[in-house]
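**Q** Return atomic coordinates for the entry below.
(one chain, ligands or ions: 1)
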Amino acid sequence: MTELHLWLRHEARTTERRTPLVPSDARRLVEAGVTLTVERSPQRIFPIEEYEAAGCGVAPAGSWVSAPDDAVILGLKELPDEPAELPHRHIFFGHAYKRQPGAETLLRRFAAGGGALLDLEYLVDDDGRRLAAFGFWAGYLGAALAVLQHRGRLAAPLTPGSKEELDDRLRRVDGDEDFTALVVGALGRSGRGARVAFQVAGIDPTCWDLAETRDLDRPALLAHDVMVNAVLATSPVPPFLREEDLDDPARRLRTLCDVTCDVGSPLNVLPVYDRTTDWDEPVRRLRKEPPLDLIAIDNLPSLLPRESSTDFSSALVLQLPEFSVGGPWGRCLDRFHQACRELGVTEGESGND
Ligand SMILES: NC(=O)c1ccc[n+]([C@@H]2O[C@H](COP(=O)([O-])OP(=O)(O)OC[C@H]3O[C@@H](n4cnc5c(N)ncnc54)[C@H](O)[C@@H]3O)[C@@H](O)[C@H]2O)c1
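**A** Sure thing, here's the model as predicted:
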């Protein structure tokens, strides 16, 4: 029996329909003795009634600010700008440990309130592998959008939908021409998702991972019609594409989807564009003749909120009952303290260790 009180918050971002915990997994936690409070949320893909039926308490949207001090607040994306002091422990993607804009402000809010950020990106096993991630669906959507664009069937703006609808549009129909596709980072979560989406579209992609890019064959890369980049770069490598490759008259490549979206980072393997695309304008033309279209959307899994939430939740729910016993959560907390030190943020005496 665990004494954990989890508080699932409403997401401040109005386009965010995902949740880190779906009702069926909420039920498992309640049955394991966790106290679970779920905030009402108009956009969450799962209705509040399903959480209620699973034995969760219900609270108004945004009421986590006055939750009991020992409650652990669970969410996905950024917190609202208020309150200035954060006394709770929060589980979410903080994007605050790589000197991102706003990182220091967020960490200072935790330090001022005595709370802590347990960043989901840093929830890892003993070997440093992520325990809960959205990568599969990012890759699935990246490849799906690339196929639709290549076949002239991508309509903007993009809106969240169901996998059934997406797959219906993805399937090959009479008159669709064959084309070649390349997935780089093919052995990872996103790469696997990309490969599955290509299969649904009737395309058998070339798959490259570390071994195939060590001695990069750019002409071979440029000989594919469509490329999906799904690598997780951890140390700098020569870029997969440079400006001069885009001007190569022998280029067959017409559609490029960058799932990785490391634009601006020293680790970027595709330094051929300077800003991401988005749901309103998913595609940017990088070259006119021959055409080269770019898709670089950094919130792809939100387009399939049900599937991506269910997948993520099924991994996270295994970790939550272990919350009080250190292990991955202890490492998350250590990483938070380290990030505070790196940014010169002094934590108060009342830290929730
Ligand atoms: N656009 C989005 O919405 C979105 C969502 C989730 C994740 N992502 C990003 O997608 C990327 C992949 O995430 P993941 O969860 O699949 O990671 P992962 O660790 O599961 O897989 C990454 C793969 O890339 C390979 N790789 C690393 N360097 C390589 C290189 N130089 N050449 C070839 N292969 C290489 C690795 O061997 C691994 O197989 C990350 O950068 C992540 O931040 C984007």
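
**Q** Quick check: phi and psi on the residue lying closest to residue 35 once chain neighbours are set aside?
**A** Residue nearest to residue 35 in three dimensions, not counting chain neighbours: residue 5, with 4.3 Å by CB to CB, 6 or more residues apart in numbering. C-beta here means a position set from N, CA and C on the backbone, and glycine is covered the same way. With angles defined as degrees, to the nearest 10, residue 5 sits at phi -110, psi 110.

**Q** so residue 5 sits right up against residue 37, yeah?
**A** Yes - between residue 5 and residue 37 there is a contact under CB atoms under 8 Å: 7.2 Å.

**Q** Between those two, which is the more surrounded one?
**A** Remark: of residue 5 and residue 37, residue 37 carries more neighbours, 21 against 17, as counted by other CB atoms under 10 Å.

**Q** can you confirm the more buried one is in a strand?
**A** Yes - counting by DSSP: H, G, I helix; E, B strand; the rest coil, residue 37 is part of a strand.

**Q** ok, now which ones touch it?
**A** If a contact means CB atoms under 8 Å, 6 or more residues apart in numbering, then residue 37 has 5, 6, 7, 8, 56, 57, 58, 59, 67, 71 as its contacts.

**Q** what about the last one, neighbour count?
**A** It refers to residue 71. Other residues lying near residue 71 total 17 when counted by other CB under 10 Å.

**Q** where does it land on pLDDT?
**A** According to the prediction, residue 71 has pLDDT 97.

**Q** The third one now?
**A** Reported pLDDT at residue 7 in the predicted model: 98.

**Q** continuing past the helix or strand hosting it, what's the next helix or strand?
**A** Using DSSP states H and E, residue 7 sits in strand 5-8. The element immediately downstream of strand 5-8 (helix or strand, assigned by DSSP H and E) is helix 23-31.

**Q** What residue in the stretch 101-250 of the chain comes nearest to the ligand?
**A** Here the stretch 101-250 of the chain gets closest to the ligand at one residue, residue 188, 1.8 Å apart by CB to the nearest ligand atom.

**Q** ok, back up a step: I'd like the contacts of residue 37 laid out as a markdown table, including distance to residue 130.
**A** Shown next, in a markdown table, are the contacts of residue 37 (distance: CB to CB, whole Å):
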| residue | distance to residue 130 |
| --- | --- |
| 5 | 25 |
| 6 | 20 |
| 7 | 23 |
| 8 | 21 |
| 56 | 26 |
| 57 | 30 |
| 58 | 31 |
| 59 | 30 |
| 67 | 27 |
| 71 | 25 |
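
**Q** any chance you could map the helices in this structure?
**A** Under the criterion DSSP state H, the chain contains helices at 23-31, 48-53, 103-113, 135-150, 163-170, 189-200, 210-213, 218-222, 243-246, 305-319, 327-342.

**Q** Make a markdown table from the ones you listed and add mean pLDDT, distance to residue 269 and mean neighbour count to it.
**A** A markdown table is the format used below for these (pLDDT from 0 to 100; distance: least, CB to CB, whole Å; neighbours: other CB atoms under 10 Å):
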| stretch | mean pLDDT | distance to residue 269 | mean neighbour count |
| --- | --- | --- | --- |
| helix 23-31 | 97 | 35 | 18 |
| helix 48-53 | 98 | 41 | 16 |
| helix 103-113 | 95 | 24 | 20 |
| helix 135-150 | 98 | 15 | 27 |
| helix 163-170 | 97 | 26 | 14 |
| helix 189-200 | 98 | 13 | 23 |
| helix 210-213 | 97 | 8 | 13 |
| helix 218-222 | 98 | 11 | 16 |
| helix 243-246 | 97 | 12 | 14 |
| helix 305-319 | 97 | 24 | 20 |
| helix 327-342 | 94 | 25 | 17 |
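
**Q** Appreciated, that's everything.
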